[in-house]
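Novice: Let's see this in three dimensions:
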Amino acid sequence: MRETVRVASVRPAAGGGRWVDVDPERLPAWLNGFAVRHGGYRITGVDEALRLSSGDGVTLGLWAPPGATLPATAPEDIDGFVTDALAERRIGLLLARQASVAVGIAQGPRLLASKVDTYYVQSRTAAGGWSQQRYARRRANQAKAAAESAAEIAVRLLLPELDRLAALVTGGDRRTVEAILGEPQLAPVRPLVSPRLLAVGEPRQAVLEEAAVLARRVRILVHDPA
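Specialist: Purely as a prediction, here's the structure:
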């Protein structure tokens, strides 16, 4: 019986093609299945991703998980890419929306430490005039206070682990995440921030545990021939 390779998602990509997310442990089976279906493949280059092209013209771009490295000197070494993707690195996690935050330390897919908190941020109002402006100022002040409190949590969990972290993976609302990381005390962790923002729900403990798994997945951009 053929093994079914489970992926996180298959979704359209902006600019064409589709994204497929694959667990590192299932990447060899996924690549083998791709080769069988599409007449093999060859490596065509390395830039921000490892580029492959199949016998029937399908092209792939494989993005390494946060903290992993692409093969710079031996682009033909697909086994080296897989081995590096499989490594259980220590990463930081910062998930945030305007009224909640979840911060964690993960080793591979396992969450080692975490802190989740919620804040009161007033919802938007339909009132007009001075009332609307007053509510907007109050809401902005509440959001700023929430970001400052979230940054304090991130400082307590992330800074002691800074020398051991391979990357910091973020998720949730981009504006809120950027507001938290903009706090001066988090300047040391900014160089570790992964470019990808995880699409997650309201930060909770279960969501944080799931994010530790999602962060390790290899992102594959698939383009079919015209």
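
Novice: so F34 sits right up against S54, yeah?
Specialist: Yes - at 7.0 Å, F34 counts as touching S54 under the criterion of CB atoms under 8 Å. From N, CA and C alone the C-beta is placed, and that goes for glycine too.

Novice: residues shared between the contacts of those two?
Specialist: Shared contacts of F34 and S54 (CB atoms under 8 Å, 6 or more residues apart in numbering): 41, 60.

Novice: Could you give the backbone dihedrals for L198?
Specialist: Backbone torsions of L198, given as degrees, to the nearest 10, read phi -70, psi 140.

Novice: which residues touch it?
Specialist: 95, 169-172, 211, 214-215.

Novice: neighbour-wise, which of these leads?
Specialist: Greatest neighbour count in those, by other CB atoms under 10 Å, goes to L95: 28 neighbours.

Novice: nearest spatial neighbour of A151, skipping sequence neighbours?
Specialist: Leaving aside its chain neighbours, A151 sits nearest to E183 (3.7 Å; criterion: CB to CB, 6 or more residues apart in numbering).

Novice: Can you tell me, leaving aside adjacent residues, what's nearest to V193?
Specialist: L168 (4.9 Å).

Novice: does the one you found count as helix, strand or coil?
Specialist: strand (DSSP: H, G, I helix; E, B strand; the rest coil).

Novice: beta partners for it?
Specialist: G92, V193 (DSSP bridges).

Novice: What's the local residue count around it?
Specialist: Using other CB under 10 Å, L168 is surrounded by 24 other residues.

Novice: ranges for the helices of this structure?
Specialist: Using DSSP state H, the helices found in the chain span residues 27-38, 78-86, 129-158, 174-181, 205-214.

Novice: Give me the mean pLDDT for the first one.
Specialist: Within the predicted structure, the mean pLDDT of helix 27-38 is 96.

Novice: if we can go back for a sec, what's the spacing between the residue nearest to V193 and S100?
Specialist: 18 Å (CB to CB, to the nearest Å).

Novice: Look up which residues are beta-bridged to L52.
Specialist: Applying DSSP bridges, one finds that L52 bridges with I43, L60.

Novice: How much space separates it from D79?
Specialist: Distance, L52 to D79, by CB to CB: 14 Å.

Novice: So for these two, which residue has more residues nearby?
Specialist: When L52 is set against D79 and neighbours are counted by other CB under 10 Å, the residue ahead is L52, at 23 against 11.

Novice: Quick one: residues contacting that one.
Specialist: By CB under 8 Å, 6+ apart, L52 lies in contact with 41-44, 59-62.

Novice: what about 7 Å?
Specialist: The neighbours of L52, taking CB atoms under 7 Å, 6 or more residues apart in numbering as the test, are 41-44, 59-60, 62.

Novice: what's around L86, how many residues?
Specialist: Neighbours around L86, by other CB under 10 Å: 17.

Novice: Tell me which residues touch the closest residue to it other than its chain neighbours, please.
Specialist: The shortest distance from L86 to any non-neighbouring residue, by CB to CB, 6+ apart, is to P24 (4.7 Å). Residues near P24 by CB under 7 Å, 6+ apart: 65, 85-86, 216, 218.

Novice: can you tell me how far P24 sits from R217?
Specialist: Between P24 and R217 the computed distance is 7 Å (CB to CB).

Novice: Quick check: pLDDT value at the closest residue to G17 other than its chain neighbours.
Specialist: Nearest residue to G17 in three dimensions, chain neighbours excluded: H223, at 4.2 Å (CB to CB, 6+ apart). With respect to pLDDT, H223 has a value of 96.
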